[in-house]
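*Asks:* Could you work out the structure for the sequence below:
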Amino acid sequence: MTMFTLAVCAEMVFRDLPVDERARRLHDAGFQVEIWDWTRHDLDALARTPAEFGSMTGYLRGNLTDPDGVAELLRTARESIDAADRLGCPRLNLHGTGLDGDGLPVHPVKGEPTREMWAAARDTLTRVAELGERAGVVFTLENLNTAVDHPGVPFAKAADTLALVAAVDRPGLRMNLDLYHAQIGEGNLIELVRRAHGAGLIGEIQVADVPGRREPGTGEINYPAVARALAGLGYDGTVAMEAWASEDSESALRRFRTAFTP
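*Replies:* So this is what the prediction gives:
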C-alpha cells in the first residue's frame, strides 16, 4: 500500500468519456480526482458521483500584479471557493498569471519580474490566503516551465513559488510542486522536494514524465527514487498525476501507482 494519497487529473485520461464518468472510473480505481476550469463542467453531475475531489482551478481570470488583474483574480477566486464547496474540494490551484484555454499566459511578461511585481504578488497572495482561511480551503501556487509549455509566465520556477509562499507564510497558501515543470525548468528534483518539505510549504505534488508530459515511467525522471525520498522525509500528502496517457489510460494509472508505491 502506498503511504501517499494518489490523485489523477480527469482532464487528461479517459478523454473519450464525459468528465463525470471519468471521475467515477478514477474513484473506482482508488484515486482522488482533480479538474481544471470548473466552469467547463456540470458540477451537479460531478457532485452526484462518488468521487473525492482533491483539487481544481482556483481562479478564472486575472493575475498577481496589476490592480485590475488582482481585482479579477480575487473576484473569481471567490467564485471558485463556492464551486469547490459544491464538490467538497479542499484545494484550489493558482498560477503566476492568468492562462488561456490552451494553458498559455494571457499577459506574458518580458524579462524577469521586477521588485515591485514581487511585492504586489506577495500582497495579492496574502489576500488569497485570507480568503482560503475564511472558507476552510487551501490555495496552492503551482510552478510552471517557460521553456516548453508556458513561455512568459512570471514567478514560474519552483524556487519562485517557494519564495512567494514562504513570504506570505499563511496556512491558506501552499505550493503545488509540479515535478514535471520543475524537471524542465530546474532539475535536481529530490533536493527541491527536500527543501520545500523541510519548509513545510507543500500543499500537494503533481507529476508527469519528461519529455512529453506522459505518465511516470515513460521518460527521464526516476520517479520511484522520488517516491522513496518522499517516504523517507515522511511526506504523506497528495501526489497527483497530471499527465497524458502514453497508451491507454488504464496502463497509465497502473504505471503511476507502481511508481509511487515505495
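*Asks:* Going along the chain, name the helices of this structure.
*Replies:* Remark: helices assigned in the chain by DSSP state H are 19-28, 43-47, 67-87, 115-135, 158-168, 179-185, 189-198, 223-233, 249-259.
*Asks:* ok, so what distance separates residue 43 from residue 56?
*Replies:* 10 Å (CB to CB, to the nearest Å). Every C-beta, even on glycine, is put in place using the N, C-alpha and C of the backbone.
*Asks:* So for the two, which residue has more residues nearby?
*Replies:* residue 56 (23 against 18; other CB atoms under 10 Å).
*Asks:* and that one, what are its bridge partners?
*Replies:* Beta-bridge partners of residue 56, counted by DSSP bridges, are residue 92.
*Asks:* Does it touch residue 90 like I think?
*Replies:* No. The criterion here is CB atoms under 8 Å, and residue 56 misses it with residue 90 at 9.9 Å.
*Asks:* shared neighbours of the two, which are they?
*Replies:* residue 84 (CB atoms under 8 Å, 6 or more residues apart in numbering).
*Asks:* Leaving out sequence neighbours, find the closest residue to residue 23.
*Replies:* Leaving aside its sequence neighbours, residue 23 sits nearest to residue 51 (CB to CB, 6 or more residues apart in numbering; 3.9 Å).
*Asks:* Please report the distance of residue 197 from residue 237.
*Replies:* Taking CB to CB, one finds residue 197 at 9 Å from residue 237.
*Asks:* Those two: which is more packed in?
*Replies:* residue 197 (19 against 15).
*Asks:* How about the contacts made by the nearest residue to that one once chain neighbours are set aside?
*Replies:* Computed as CB to CB, 6+ apart, the closest residue to residue 197 that is not its neighbour in sequence is residue 233, at 5.0 Å. With contacts defined as CB under 8 Å, 6+ apart, the neighbours of residue 233 are 193-194, 197-198.
*Asks:* about what we covered before: would you mind saying which of the helices of the chain lies nearest residue 208?
*Replies:* In terms of CB to CB, the element of the helices of the chain nearest to residue 208 is helix 179-185, at 3.9 Å.
*Asks:* helices or strands up against the closest one?
*Replies:* Other helices and strands packing on helix 179-185, by 3 or more CB pairs under 8 Å, 6 or more residues apart in numbering; DSSP states H and E, are helix 158-168, helix 189-198, strand 202-207.
*Asks:* Just the C-alphas of it, formatted as CSV.
*Replies:* Coordinates of each C-alpha in helix 179-185 appear next as CSV, following Å, rounded to 0.1, in the frame of the first residue of the first chain:
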residue,chain,number,x,y,z
LEU,A,179,7.8,18.0,-10.7
TYR,A,180,7.3,17.8,-14.5
HIS,A,181,7.6,21.6,-14.8
ALA,A,182,10.5,21.6,-12.3
GLN,A,183,12.4,19.0,-14.2
ILE,A,184,12.3,21.2,-17.3
GLY,A,185,13.0,24.4,-15.5
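*Asks:* Right, I'll call it a day here.
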